[in-house]
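>>> sequence and predicted structure below; questions after.
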Amino acid sequence: MRKLPQPGRTLVMGVLNVTPDSFSDGGDFLNTEAAVAHGLHLAAAGADLVDVGGESTRPGAQRVDPNAELGRVIPVIERLAAAGVPVSVDTMSAEVAAAAVGAGAVLVNDVSGGLADRDMLATVAGLDAWYLAMHWRGHSTNMQQLATYADVVTEVRDELAQRVAVATAAGIGRDRLIIDPGLGFAKTSAHNWELLRRLDELAELGLPILIGASRKRFFGELLADAAGPRPPRERDAATAALTALLAVNGVWGVRTHTVGPHRDAISVAGMLSNPAGR
């Protein structure tokens with residue numbers, strides 16, 4: 001079994017949405033050629049992993065048939081993997097996960113933590129791949145109705161701990177597991193900020209943590225002006241600022257649409273945190 005990447009700094013996962021309806025770049029890379037070109041661009045900019053997804057999980061998004069999802073992601077994964085690019089697959093489908101790993105993906109990024117497809121965990125247990133389990137309470141069509149917590153950090157931590165227990169019982173070793181608190185998934189902006197402030201409590205689970213904050217709505221609300229919330233593509237600087245803070249605090253990885261600025265932010269954080277090691 002391959003070892004989990006530990007590059008000695010915060011890892012950068014580049015987002016590659018092969019979808020018509022993702023919230024900030026839907027349709028930009030639906031064509032295979034465009035998707036492959038963008039994946040190569042992300043890798044050249046310093047992405048440690050390129051995360052290929054064929055189903056949008058934005059609020060209100062509808063589910064995608066697995067055959068359509070396979071048609072979107074497999075040709076892209078095959079070509080990127082053949083070019084030597086480390087690839088992950090962003091999917092809730094066990095069928096797609098298995099096909100993606102067969103095509104060269106090294107990580108399965110499941111936003112449902114194994115809840116959307118009852119075959120997912122057993123399938124991943126039999127694959128030579130890492131598994132990223134995100135905190136999730138329901139599909140995009142109704143997830144915001146589930147954003148009710150007495151203490152969001154404690155409840156997210158405990159619900160993630162339960163998913164980790166189920167995953168390990170299915171045969172996925174802890175050395176193959178990464179967790180993600182799921183910012184924006186059944187979370188309000190206040191919930192997202194509270195999770196970020198108290199990441200040390202999630203770290204008590206003893207697993208690598210990935211944060212997917214890129215261009216999300218809570219940045220738009222924070223940076224709103226008289227015209228309304230800041231548009232998604234104008235949230236990149238704020239996202240990179242957060243990445244620098246996360247890197248100072250030793251977070252394992254970040255997931256982002258724009259790789260270069262985040263690698264730069266991580267380099268700055270590394271110099272401030274450990275100047276002797278630079």
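Looks like it came in fine. Here the structure is a predicted model, which means the values were calculated and not measured.
>>> ok, Leu246 touching Leu11?
No. With contacts counted by Cβ atoms under 8 Å, Leu246 stays clear of Leu11, the gap being 11.0 Å. Heads up, the C-betas are built off the backbone N, CA and C, glycines and all.
>>> shared neighbours of those two, anything?
Overlap of the contact sets of Leu246 and Leu11 (by Cβ atoms under 8 Å, 6 or more residues apart in numbering) consists of Val254.
>>> next, the distance between the ends of stretch 225-243.
Stretch 225-243 has an end-to-end distance of 23 Å (Cα to Cα, to the nearest Å).
>>> show residues contacting that stretch.
10, 23-24, 196, 211, 213-217, 219-224, 254, 256-258, 261-262, 264-266, 269.
>>> do that again at 6 Å, thanks
With contact meaning Cβ atoms under 6 Å, 6 or more residues apart in numbering, stretch 225-243 is reached by 24, 213-215, 219-221, 223, 254, 258, 261-262, 265.
>>> report the buried residues of that stretch.
Residues of stretch 225-243 classed as buried by neighbour count (16 or more other Cβ atoms under 10 Å): Pro229, Arg230, Pro232, Arg235, Asp236, Ala238, Thr239, Ala240, Leu242, Thr243.
>>> same check on stretch 178-193?
Going by 16+ other Cβ under 10 Å, stretch 178-193 has these buried residues: 178-189, 191-192.
>>> likewise for stretch 260-278?
Buried residues in stretch 260-278, defined by neighbour count with 16+ other Cβ under 10 Å: Gly260, Pro261, His262, Arg263, Ala265, Ile266, Ala269, Gly270.
>>> Arg233 in helix, strand or coil?
Of the three states, Arg233 takes helix according to DSSP: H, G, I helix; E, B strand; the rest coil.
>>> got a pLDDT number for it?
pLDDT recorded at Arg233 is 90.
>>> before we move on, what about Val15?
In this model, Val15 carries a pLDDT of 95.
>>> now it: which helix or strand?
Using DSSP states H and E, Val15 sits in strand 11-17.
>>> repeat that for Leu70.
With DSSP H and E as criterion, Leu70 is part of helix 66-82.
>>> again with Leu121
helix 120-125.
>>> next one: Phe219
helix 217-222.
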